[in-house]
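Colleague: Give me a model of this one.
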Amino acid sequence: MRLVVIFVFKVIGGSMFKTFLQFICLMIAMAGVAFAHCGSCEKTECAGCQAKEGAHCSKHKPHSSYQAKIGDLVLSHAFMRPAAKAGTPTSAYIQIKNNGTIDDALVRVTTDIAEKAEIHSSEVDNNGIVRMRKIEKIIIPAGETVMLKPRHDHIMVMGLKEPIPRGAHIPLMLDFAQAGSKMVSFPVRHGMKHRHDHHH
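Modeller: I've put the predicted structure just below:
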């Protein structure tokens, strides 16, 4: 190995040899970073980061290209609003695409971080106040995409057991009529602000 180094040094010259060594070190460092980046999320599965069920990936910021899949459904663009205090409600949102030929439906949401989670629908009255009501399910038609978003259908998480800070990843279990159940990690971030009235 020493002879090879001396030979390369004589052939390409001192300054070029130094540049060559710097290039080799840079390639090794980049390979190490890439390996660490891939390995940091090998135990998670979420709509904000590819992961295995139930775990969190604090290393990654939510990005629209990350997806979670179950059956014919593709789950993406998930996020949850932060909550400063325990006992208060918060809301969660997600996009659900049905690539199958049969209608599906989101029928139930459960979580360990709160007393309960419900599926809600919102309507805006003439005063601009969002009035919400609990619904039994959200239909995901075959070949279509449904977006759970502010002021429309969404998930309400009520009776939080602890504060939910921005930057956290919160697991919710989503139950679908056809595809089955999937634990999805929701990145916590701020969204649109609006007033709520509950009408059940």
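Colleague: Okay, buried residues for the one helix or strand Ser121 maps to please.
Modeller: If you go by DSSP states H and E, Ser121 is part of strand 114-124. By neighbour count on 16 or more other Cβ atoms under 10 Å, the buried set for strand 114-124 is Ala114, Ala117, Glu118, Ile119, His120, Ser122. Quick note: C-beta positions are derived from backbone N, CA and C, even for glycine.
Colleague: Quickly check these for the two that are furthest apart.
Modeller: Ala114 and Ser122 (19.1 Å; Cβ to Cβ).
Colleague: what does the strand holding Ser121 rub up against?
Modeller: 91-92, 106-111, 130-138, 150-161, 172 (Cβ atoms under 8 Å, 6 or more residues apart in numbering).
Colleague: Now with 6 Å, please.
Modeller: With contacts defined as Cβ atoms under 6 Å, 6 or more residues apart in numbering, strand 114-124 is touched by 109, 111, 130-135, 138, 151-160.
Colleague: same question, stretch 86-93
Modeller: 79-81, 83, 148-149, 154-158, 160-164, 186.
Colleague: Kindly recompute the last result at 7 Å.
Modeller: With contacts defined as Cβ atoms under 7 Å, 6 or more residues apart in numbering, stretch 86-93 is touched by 78-81, 83, 148-150, 154-164, 172, 186.
Colleague: Can I get the strand holding Ser121 in CSV, CA atoms only?
Modeller: C-alpha atoms of strand 114-124 as CSV (Å, rounded to 0.1, in the frame of the first residue of the first chain):
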residue,chain,number,x,y,z
ALA,A,114,-55.6,11.6,24.4
GLU,A,115,-58.9,10.5,25.9
LYS,A,116,-60.4,10.1,22.5
ALA,A,117,-60.2,10.9,18.8
GLU,A,118,-63.2,11.5,16.5
ILE,A,119,-63.8,12.1,12.8
HIS,A,120,-65.4,15.5,12.4
SER,A,121,-66.9,17.6,9.5
SER,A,122,-66.9,21.4,9.5
GLU,A,123,-69.1,24.1,8.0
VAL,A,124,-68.5,27.8,8.1
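Colleague: Could you list the paired strands of the very next helix or strand once past it along with their orientation?
Modeller: Going down the chain from strand 114-124, the next helix or strand is strand 130-134, by DSSP H and E. Strands that pair with strand 130-134, judged by DSSP bridges, come out as strand 114-124 (antiparallel), strand 196-198 (parallel).
Colleague: Take the ones you listed and lay them out in JSON lines including mean pLDDT.
Modeller: Listed next are the strands paired with strand 130-134 as JSON lines, based on pLDDT from 0 to 100:
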{"stretch": "strand 114-124", "mean pLDDT": "93"}
{"stretch": "strand 196-198", "mean pLDDT": "43"}
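Colleague: Arrange these in CSV, one row each, with distance to Gly143 as further columns.
Modeller: CSV is the format used below for the strands paired with strand 130-134 (distance: least, Cβ to Cβ, whole Å):
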stretch, distance to Gly143
strand 114-124, 22
strand 196-198, 33
